[in-house]
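Visitor: here's my sequence, what's the structure:
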Amino acid sequence: MPMSRIRSASVWGMRFEASDTMSKASKALGGLFFLTVCAALAQVRAPGKSVTVSIGVSQAAATNASKTAASKIQDASNVAVWLTALDRTVRADPVSASLENPPQLVQRNKTFEPHVLMVPVGTVVEFPNKDPFFHNIFSLYDGRRFDLGLYESGTKRSVRFDRPGVSFLFCNIHAEMSAVVVSVDTRYFGLSDRNGNVIIRNVPDGRYQMSVWYERSSPEHLKELTRIVTISDSSRKIGPIEVLENPTFTPTHKNKYGLDYVPPPNPDYDRP
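Guide: Have a look, this model is predicted:
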């Protein structure tokens with residue numbers, strides 16, 4: 001009898017020690033998992049800081065549009081700036097174009113609101129007609145080509161911008177209407193405000209190619225503004241960058257058939 005009690009106690013002791021060892025191992029693994037999750041959450045909650053770009057727009061002299069700035073333009077808005085990652089670790093971060101609330105180019109008072117829209121590639125843009133008459137939005141030049149046809153007040157059409165590029169948009173009925181959609185293959189982009197300030201949010205440290213686009217500049221000048229920049233905690237301000245307006249720029253364009261717009265009838269004629 002005493003022998004069996006000793007064996008029983010010994011067996012229970014082994015079971016207790018095994019259970020205690022497993023408990024410690026489980027706690028250690030649980031702690032490791034907790035630290036891993038916390039690290040992952042920290043990366044999500046603490047993305048890269050913002051990058052600020054300072055833009056100045058000047059009207060170039062007609063004699064040498066690419067180099068000589070004649071006068072400063074007060075409104076430096078709608079200059080597009082985007083950063084394309086050159087480091088593999090940053091480039092692997094995918095661009096998400098699926099948005100719960102798709103961006104819109106609203107047609108109102110025979111204008112587009114906003115005039116310039118920047119989106120990541122793959123974004124669907126909506127075109128609601130809030131004028132009391134028909135519109136026919138089209139883009140048959142560079143970028144995404146499409147023709148939405150005639151559609152009435154209170155309705156909307158949509159287009160997916162499925163590749164990088166600059167799309168110039170017009171209305172086939174109203175010659176004064178124009179807009180631009182700049183679709184970029186990166187999540188790091190921004191438009192300048194009236195004072196020429198661009199804020200690009202959540203940019204990780206690394207090397208990037210910076211590209212600049214402005215509707216009133218020449219392609220040759222914009223190509224000269226492309227450069228490689230290195231973003232770090234001590235270097236998150238870029239500029240000032242001087243953007244030159246092409247003195248020969250004109251907003252006039254043809255309709256979707258490649259013809260001049262027919263002027264609307266003028267009711268203010270002289271009566272006999």
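
Visitor: count of neighbours near Met118?
Guide: By other CB atoms under 10 Å, the residues close to Met118 number 20. C-beta here means a position set from N, CA and C on the backbone, and glycine is covered the same way.

Visitor: quick one: contacts for Arg227?
Guide: Contact analysis of Arg227 by CB atoms under 8 Å, 6 or more residues apart in numbering lists Gln209, Met210.

Visitor: show me the beta-bridge partners of it.
Guide: Per DSSP bridges, the residues bridged to Arg227 are Met210.

Visitor: kindly report the same for Ser58.
Guide: Taking DSSP bridges as the rule, Ser58 bridges to Lys72, Leu244.

Visitor: so where is the stretch 151-272 of the chain shaky, pLDDT-wise?
Guide: The stretch 151-272 of the chain contains residues with pLDDT under 70 at 265-272.

Visitor: so where do the helices sit in it?
Guide: All helices of the stretch 151-272 of the chain, identified by DSSP state H, counting those that start in this stretch, fall at 219-225.

Visitor: isn't Lys156 up against Pro128?
Guide: Yes. Counting by CB atoms under 8 Å, Lys156 does reach Pro128; the two are 3.8 Å apart.

Visitor: what about these two, which has more around it?
Guide: Neighbour totals were compared for Lys156 and Pro128, and Pro128 leads with 18 against 15 (other CB under 10 Å).

Visitor: skipping adjacent residues, who's closest to Met118 in space?
Guide: Leaving aside its sequence neighbours, Met118 sits nearest to Val182 (CB to CB, 6 or more residues apart in numbering; 4.8 Å).

Visitor: ok, that neighbour to Leu169 distance?
Guide: Going from Val182 to Leu169 by CB to CB, to the nearest Å gives 11 Å.

Visitor: and if you look at Lys49?
Guide: Taken as CB to CB, the span from Lys49 to Leu169 is 34 Å.

Visitor: what about those two, which has more around it?
Guide: Neighbours per residue (other CB under 10 Å) separate Lys49 from Leu169, with Leu169 holding more: 25 against 14.

Visitor: what's near enough to touch the more buried one?
Guide: Leu169 makes contact with Leu105, Phe112, Ile137, Phe138, Ser139, Ser178, Ala179, Val180, Val181, according to CB under 8 Å, 6+ apart.

Visitor: the fifth one - how many residues pack around it?
Guide: Read that as Ser139. Ser139 has 22 neighbours, counted by other CB under 10 Å.

Visitor: any idea how far it lies from Pro132?
Guide: 24 Å.

Visitor: ditto for the second one
Guide: Per CB to CB, Phe112 is found 17 Å from Pro132.

Visitor: and Pro47, what pLDDT?
Guide: Listed pLDDT for Pro47 reads 53.

Visitor: now for Phe161, how many residues are close by?
Guide: Using other CB under 10 Å, Phe161 has 25 neighbouring residues.

Visitor: dig out what the nearest residue to it once chain neighbours are set aside forms beta bridges with.
Guide: Nearest non-adjacent residue to Phe161, counting by CB to CB, 6+ apart: Ser183, 4.1 Å away. With DSSP bridges as the criterion, Ser183 is bridged to Val119, Gly165.

Visitor: which ones are touching Ser183?
Guide: By CB under 8 Å, 6+ apart, the contact list for Ser183 reads Met118, Val119, Pro120, Val121, Thr123, Gly143, Arg144, Phe161, Arg163, Pro164, Gly165, Ser167.

Visitor: measure it to Phe170 for me?
Guide: Per CB to CB, Ser183 is found 17 Å from Phe170.

Visitor: repeat for Val182
Guide: When distance is defined by CB to CB, Val182 is 16 Å away from Phe170.

Visitor: now do Ile238: how many residues are near it, please.
Guide: Neighbourhood size, Ile238 [other CB under 10 Å]: 20.
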